[in-house]
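>>> after the sequence you'll find the predicted model.
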Amino acid sequence: MRILFAENDERFARVVVERFLAHHDVTLVRSTADATDAIRERDCDAVLVDYDLDDGKGDALVKAICASASRAIIVAVSAHEHGNDI
């Protein structure tokens with residue numbers, strides 16, 4: 001499975017990839033801009049999206065993915081200990 005993982009917490013991303021996604025083809029990006037580029041460059045089966053990315057909120061990325069031709073499954077993830085500011 002080809003997975004795009006948009007996550008800016010390097011430690012959290014490493015743990016998720018090592019423990020849950022080790023047998024998949026994972027592309028890790030830290031920003032909405034990099035995720036948008038990655039979606040254009042390759043087909044993904046799934047996209048894991050963090051809410052707080054380096055250059056914006058993950059919900060904007062989800063909207064962009066939904067508006068594109070991508071048929072990827074989208075899953076929201078977060079590494080915040082105290083929740084997210086909405």
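Nice, thanks for sending it over.
>>> what's residue 67 sitting at in phi/psi?
When quoted as degrees, to the nearest 10, the phi and psi of residue 67 stand at phi -80, psi -20.
>>> so, low pLDDT: which residues of this protein?
Across the chain, residues meeting the criterion (pLDDT under 70) sit at 79-86.
>>> quick one, helices of it?
10-20, 32-41, 58-67 (DSSP state H).
>>> if I look at residue 41, how far off is residue 72?
According to Cβ to Cβ, to the nearest Å, residue 41 stands 13 Å off from residue 72. (Glycine included, C-beta is placed from N, CA and C.)
>>> of the two, which one has the most company?
The neighbour comparison of residue 41 against residue 72 (other Cβ atoms under 10 Å) goes to residue 72, with 18 against 10.
>>> my read: that one touches residue 49, true?
No - between residue 72 and residue 49 there is no contact under Cβ atoms under 8 Å: 10.2 Å.
>>> and for the two, which residues touch both?
Both residue 72 and residue 49 are contacted by residue 65, under the criterion Cβ atoms under 8 Å, 6 or more residues apart in numbering.
>>> nearest residue to residue 55 other than its sequence neighbours?
Setting aside the residues directly before and after it, residue 55 is nearest to residue 31 in space (Cβ to Cβ, 6 or more residues apart in numbering), at 4.4 Å.
>>> who are the neighbours in contact with the one you found?
Counting by Cβ under 8 Å, 6+ apart, residue 31 touches 6, 8, 53, 54, 55, 56.
>>> nearest to residue 35, out of these: which one, please.
Closest approach to residue 35 among these (Cβ to Cβ): residue 6, at 4.2 Å.
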